[in-house]
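> Give me a model of this one.
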Amino acid sequence: MEEILVEQLMSTDVPIMDASQPLALAVREMSARSLSCMILLNESATPVGIITERDMISIAALALDGKIDWHEPAADHMSARLIYLRPEQSLFEALVVARAREVRHLPVLGKDNKLAGIVTATEMVRAHFSVFESLSEAAEKTVAVRRDDFASVTARLRTLSLEDPLLGIGNRRALDRDMEHIEGASRRYQHVYSVAMFDVDRFKAYNDRYGHPAGDRVLREIVTIFSAALRSADRLFRYGGEEILLLMPETDLPGAMIVADRLRESLEVRALPHEKSKRGVVTVSGGVAEGGFRHEPPGWEAVVHAADRALYKAKKSGRNRVISSTD
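This is a model prediction of the structure:
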C-alpha cells in the first residue's frame, strides 16, 4: 500500500487574513463562518501565524476582564509560533509533529513558503484508521483464500510482532524501524530528536535477592511509571535485558535531559524496595544523546551508541543519575 502524503489530506480552502487587520475583524469572521482557525499572512502573503479556538478562549477571558483593545492587530493574539507541514511529508511524520507539538491545525507550506493548504488532526487520525481498516480487509481476504495456511501465517505474524512480550513496549525490530524513519525525517525536514538509554541499577543483585519473576515485575512497573509521564509522541523500547530506550521526536538535548531526569526521579520517589541498593530502593541510571540533521556522521546507530556511552558514565559516577553525551 502506498504511503499517504500530506498533500493528499490537506484542504485548499483555507481561511486567511492580513495579520495587520484588527482583532475585532478576525473574531467576527471566525464567528460568522464558524471557523476553528484563521491563518494570518504578512504583506508578502507568507503565513506568519494562526488564531485557533484555543486562542479565542484566551481572547474571551481578556474581554470579560475588559483588557482587550479590539483595534489592535490580530497578530498580537495569534499562536506564538507557526507549526507547519510540507506537502511531501508522510501521514506518519505529520502525526508525530501534531502529537509532539500538541496542535490540531497544521498549515501546509509549499517550497516557496506560500500557503498551500491546511490539515487537521481529525483528518490525520481518520486517514490513519482508514489505512488500518484497509490492511485488515486485505488480511481477511487473504485468510479466506488460504485457510489452510492460517496456522503458518499466525506463527509468522507472531514472529514479526513489534512488541516486547514481557513489557508491552517496542522490541528491537520496532526500534530499528522507528529510528530509521525518524532519522530520515529529521534530515529531510531539519528537525532534531533525542534518545535516552536507561538501565536498572544493580539489577543482578535485585534478581539474586528477590528472584527473576520479581525482576520481571519491577521492569513492568518501571515501564508503567515512565509511560504515565510521557507525551503520546514519545516511544519506549526494550533495548536488551533491563535496558530501556526512550525515543523523543522533536526534542533537543536540554529538553530531553529534563524529561529523562524527571523519569529517573519519578521512579526513585515510588520507593520500590531494593535491599541490595545503596539507597534501599529501585533506581535507574540514564544517558541522553541528540540526533538529527545537525549531527554527523548521519545514522541513528551513532546516536544510540552515544546515549549508551553516557549511560556507562552515569553508572561509573555513582548511579541514579542522568548524564548527557556532551558531558
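> Beta-bridge partners for residue 39, please?
Assessed by DSSP bridges, residue 39 has beta-bridge partners residue 16, residue 50.
> mind checking how far it is from residue 253?
Applying C-beta to C-beta, to the nearest Å, the value for residue 39 to residue 253 is 32 Å. To be clear about C-beta, it is placed using only N, CA and C from the backbone, and glycine gets the same treatment.
> Residue 116 now?
Going from residue 116 to residue 253 by C-beta to C-beta gives 32 Å.
> who's more crowded, these two?
The residue with more neighbours, out of residue 116 and residue 253, is residue 116; 21 against 16, by other C-beta atoms under 10 Å.
> ok so the more buried one is a helix residue?
No: assessed with DSSP: H, G, I helix; E, B strand; the rest coil, residue 116 is strand; it does not lie in a helix.
> So for it, what's the pLDDT?
The per-residue pLDDT reported for residue 116 equals 91.
> thought it was touching residue 109?
Yes: assessed by C-beta atoms under 8 Å, residue 116 is found in contact with residue 109 at 6.2 Å.
> How many neighbouring residues does residue 265 have?
14.
> ok, residues contacting whichever strand or helix holds it?
In this assignment (DSSP states H and E), residue 265 forms part of helix 253-270. Residues from elsewhere that reach helix 253-270 (C-beta atoms under 8 Å, 6 or more residues apart in numbering): 194-196, 198, 221-222, 225-226, 229-230, 234, 246, 248, 251, 279, 281-286, 288-290, 320-322, 324-326.
> Weed out the non-buried ones from those residues.
Buried members of those, counted by 16 or more other C-beta atoms under 10 Å: 194-196, 198, 222, 225-226, 234, 246, 248, 251, 281-286, 288-290, 320-322, 324-325.
> Return the subset of those residues lying in strands.
194-196, 198, 246, 248, 284-286, 288-290, 322, 324 (DSSP state E).
> I'd like those residues as TSV, with pLDDT and distance to residue 163 appended.
As requested, those are arranged in TSV below (pLDDT from 0 to 100; distance: C-beta to C-beta, whole Å):
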residue	pLDDT	distance to residue 163
194	97	23
195	97	19
196	98	20
198	98	19
246	97	16
248	96	20
284	97	21
285	98	25
286	98	23
288	98	24
289	97	25
290	96	27
322	98	26
324	97	30
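> Distance to residue 238 added to those, as JSON lines?
Output for those, formatted as JSON lines (distance: C-beta to C-beta, whole Å):
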{"residue": "194", "distance to residue 238": "19"}
{"residue": "195", "distance to residue 238": "14"}
{"residue": "196", "distance to residue 238": "14"}
{"residue": "198", "distance to residue 238": "11"}
{"residue": "246", "distance to residue 238": "11"}
{"residue": "248", "distance to residue 238": "17"}
{"residue": "284", "distance to residue 238": "14"}
{"residue": "285", "distance to residue 238": "17"}
{"residue": "286", "distance to residue 238": "15"}
{"residue": "288", "distance to residue 238": "18"}
{"residue": "289", "distance to residue 238": "18"}
{"residue": "290", "distance to residue 238": "22"}
{"residue": "322", "distance to residue 238": "19"}
{"residue": "324", "distance to residue 238": "23"}
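> what's the closest non-adjacent residue to residue 51?
Spatially, and ignoring its direct neighbours in sequence, residue 51 is nearest to residue 38 (4.7 Å; C-beta to C-beta, 6 or more residues apart in numbering).
> Please identify the nearest residue in space to residue 282, excluding sequence neighbours.
Leaving aside its chain neighbours, residue 282 sits nearest to residue 272 (4.1 Å; criterion: C-beta to C-beta, 6+ apart).
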